[in-house]
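K.L.:
Okay, structure incoming, though there's no sequence with it:
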Ligand code: AMP
């Protein structure tokens, strides 16, 4: 879970990246960074902990000269929330510089790292992404795209990557296409690549196309070239991008996130109606579109019963449980005038640990709700994600440890209904096939990492 953005071919590229990162803030709020390469080939970097708006003033961005730049917003897993792990990574090697921004998780990072350490490599961070930088530096290939192709041989897991070598920007997705990455073009002809299309909109870029799974796209000022060095594998786009992670104003994997969420909400209303309810409300913002779909299908009025404080980030983005608990009340409040005496449907996109949900249900009841029927627009999350979403420990996943009935009691609702796995996969654009649903189904497309706990500290997304 991270956002990546790159631009090639326009002076002041860093200021375009800076804007793009604002639109990818929801993908990671722990740190943000920009690397820019000037016309003499000098690379400059600025990396800050916290939000894009906190860390990057005009002077900082203005000091990052050049017509090529990449940026990153980072969402880390536990224990790795430090500036050392902020991206983009920038290193100098015998061939000049390499800069890299990564969204995803490499599942064989531990093995690859051991291999490199045995050969004498020294690591300066705990990120899996650093493995890629070492492999790039070791490659003897001349052309940047070939170098990247070589470095990626034998790398397993999820990666959408932006890499700068010399004055070439490279964009690539792993052969299963877990994480999104789209190419756009600004009105003055510069190419951009971004995790989501909402980041193209902010810089007035139009969508050119997606980077295909297993493809390396090179932007070097003379246009774009494509290389397909990696055997394409069965598509495994992350269904959770549609359920929760991406912004509804984006298109990811070629489909509209808004349309996906509305369809999920409609299907949820069909599968799990709430006959006694008088109104529907969402847990803002990520379930707004699903709640709209539920309201549309059920005929119930959609109300604004929970108000979200927009100056507080995504709950889970606090890496410790203590931080998460405190944030529920800081982040939401209930509207008594809407809820008092009513039987209500509360729609959320997912339940992970149950912490937020439990706090919200208590809040809704305290505001007078007579009955609370919780409806979830995804299937129960029963397994960790090894591909870039922060749901790593089975022990922490409520649906891995309790039945739906037990969860209902635990979170304090009158009824609880989850969307079925089939219902979820049939509702998303271009479904039901070609998606990774491992966290819902246990169907992992790769062998799990040999050392998942290590992977946690090494999340490179
Ligand atoms: P909880 O009740 O503690 O399981 O939290 C559920 C809430 O977290 C839902 O509102 C989701 O929108 C949100 N959520 C789901 N998955 C994630 C994730 N991986 N990171 C951050 N927030 C998430």
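P.N.:
Yep, it's here. Here the structure is a predicted model, which is why all the values come from computation and not from measurement.
K.L.:
going forward, measure contacts and count neighbours with C-alpha atoms only.
P.N.:
Will do.
K.L.:
So which residues on the stretch 51-200 of the chain come close to the ligand?
P.N.:
Taking Cα under 6 Å from any ligand atom as the criterion, the ligand has no neighbours within the stretch 51-200 of the chain.
K.L.:
any weak-confidence spans in the stretch 51-200 of the chain?
P.N.:
Across the stretch 51-200 of the chain, residues meeting the criterion (pLDDT under 70) sit at 76-80.
K.L.:
Does anything pack onto the longest helix seen in the chain? Which helices or strands?
P.N.:
Criterion DSSP state H: the longest helix present in the chain is helix 257-271. With contacts taken as 3 or more Cα pairs under 8 Å, 6 or more residues apart in numbering; DSSP states H and E, helix 257-271 sits against helix 288-298, helix 421-427.
K.L.:
if you look at it, does any of it touch the ligand?
P.N.:
No - using Cα under 6 Å from any ligand atom, helix 257-271 never reaches the ligand; the gap is at least 12.2 Å.
K.L.:
now the angle between helix 288-298 and that helix, please.
P.N.:
With axes from the mean of the first three to the mean of the last three Cα atoms, to 10 degrees applied, the angle from helix 257-271 to helix 288-298 works out at 40 degrees.
K.L.:
Centre of the chain to the helix or strand that helix 257-271 is followed by, how far?
P.N.:
Next helix or strand after helix 257-271 toward the C-terminus (DSSP states H and E): strand 279-282. Centroid separation for strand 279-282 versus its chain: 26 Å, with Cα atoms, centre = their mean, to the nearest Å.
K.L.:
now for the helices and strands packed on helix 257-271, which one comes closest to residue 14?
P.N.:
helix 288-298 (32.8 Å; Cα to Cα).
K.L.:
Okay, now the sheet partners of the following helix or strand past the closest one, with direction.
P.N.:
Where DSSP H and E defines the elements, the next helix or strand beyond helix 288-298 is strand 302-303. Strand 302-303 has its sheet partners listed here by DSSP bridges as strand 279-282 (parallel).
K.L.:
For the stretch 351-461 of the chain, just list every one of the helices.
P.N.:
355-366, 398-401, 404-411, 421-427, 438-441, 452-457 (DSSP state H, counting those that start in this stretch).
K.L.:
ugh, typo on my part, it should be the stretch 101-250 of the chain
P.N.:
109-118, 129-138, 144-152, 198-201, 239-240.
K.L.:
returning to that earlier point: quick one: closest of the helices of the stretch 351-461 of the chain to the ligand.
P.N.:
Nearest to the ligand among the helices of the stretch 351-461 of the chain is helix 355-366; the distance by Cα to the nearest ligand atom comes to 3.5 Å.
K.L.:
can you give me the angle the closest one makes with helix 404-411?
P.N.:
60 degrees.
K.L.:
now check helix 355-366, is it near the ligand?
P.N.:
Yes - applying Cα under 6 Å from any ligand atom, one finds helix 355-366 touching the ligand at 355, 356, 357.
K.L.:
ok, and the most crowded of those residues?
P.N.:
Counting neighbours by other Cα atoms under 10 Å, residue 357 leads these with 22 neighbours.
K.L.:
Residue 411 is in contact with that one, correct?
P.N.:
Yes - assessed by Cα atoms under 8 Å, residue 357 is found in contact with residue 411 at 6.5 Å.
K.L.:
got the phi/psi numbers for residue 236?
P.N.:
phi -140, psi 60 (degrees, to the nearest 10).
K.L.:
Run a quick neighbour tally on residue 445.
P.N.:
Residue 445 has 17 nearby residues by other Cα under 10 Å.
K.L.:
could you pull out the strands for the stretch 101-250 of the chain?
P.N.:
160-165, 168-173, 182-185, 191-194, 206-210, 216-219, 224-227, 237-238 (DSSP state E, counting those that start in this stretch).
K.L.:
most packed of the ones you listed?
P.N.:
Mean neighbour count (mean count of other Cα atoms under 10 Å) peaks for strand 191-194 among those, with a mean of 31.
K.L.:
And for that one, what's in contact with it?
P.N.:
With Cα atoms under 8 Å, 6 or more residues apart in numbering as the test, strand 191-194 has contacts from 3-9, 20, 171, 181-186, 200, 205, 219.
K.L.:
hmm, try it at 6 Å
P.N.:
Taking contacts as Cα atoms under 6 Å, 6 or more residues apart in numbering, the residues outside strand 191-194 that touch it are 4, 5, 6, 7, 8, 181, 182, 183, 184, 185.
K.L.:
ditto for stretch 403-422
P.N.:
268, 272, 358, 372, 373, 374, 375, 376, 377, 378, 379.
K.L.:
Quick one, which of those has the minimum pLDDT?
P.N.:
Across those, the bottom pLDDT score, 95, is held by residue 358.
K.L.:
For residue 69, grab phi and psi.
P.N.:
phi -150, psi 150.
K.L.:
most packed of the helices of the stretch 101-250 of the chain?
P.N.:
Among the helices of the stretch 101-250 of the chain, highest average neighbours (mean count of other Cα under 10 Å) belong to helix 198-201, with a mean of 24.
K.L.:
Now do it: which elements does it pack against?
P.N.:
Taking 3 or more Cα pairs under 6 Å, 6 or more residues apart in numbering; DSSP states H and E as contact, there are no helices or strands that helix 198-201 lies on.
K.L.:
which residues are in contact with that helix?
P.N.:
20, 23, 250.
K.L.:
who's in contact with the last one?
P.N.:
Applying Cα under 6 Å, 6+ apart, one finds that residue 250 lies in contact with 196, 197, 198, 257.
K.L.:
Quick check: which ranges of the stretch 251-400 of the chain have low pLDDT?
P.N.:
313-326, 392.
K.L.:
picking that back up, could I get the helices of the stretch 101-250 of the chain in CSV, plus columns for distance to residue 279?
P.N.:
Below are the helices of the stretch 101-250 of the chain laid out as CSV (distance: least, Cα to Cα, whole Å):
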stretch, distance to residue 279
helix 109-118, 48
helix 129-138, 46
helix 144-152, 51
helix 198-201, 31
helix 239-240, 26
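K.L.:
Neighbours of the nearest residue to residue 309 once chain neighbours are set aside, how many?
P.N.:
In space, and not counting its chain neighbours, residue 309 is closest to residue 331: 5.0 Å by Cα to Cα, 6 or more residues apart in numbering. As a burial measure, residue 331 scores 18 neighbours (other Cα under 10 Å).
K.L.:
For the ligand, see how far away residue 331 is.
P.N.:
Going from residue 331 to the ligand by Cα to the nearest ligand atom, to the nearest Å gives 11 Å.
K.L.:
give me phi/psi at that residue?
P.N.:
Dihedral pair for residue 331: phi -90, psi -30, per degrees, to the nearest 10.
K.L.:
Hmm, residue 311 and it touching each other?
P.N.:
No - assessed by Cα atoms under 6 Å, residue 331 is found out of contact with residue 311, at 8.2 Å.
K.L.:
Touching both of the two, which residues are there?
P.N.:
Joint contacts of residue 331 and residue 311 (Cα under 6 Å, 6+ apart) do not exist.
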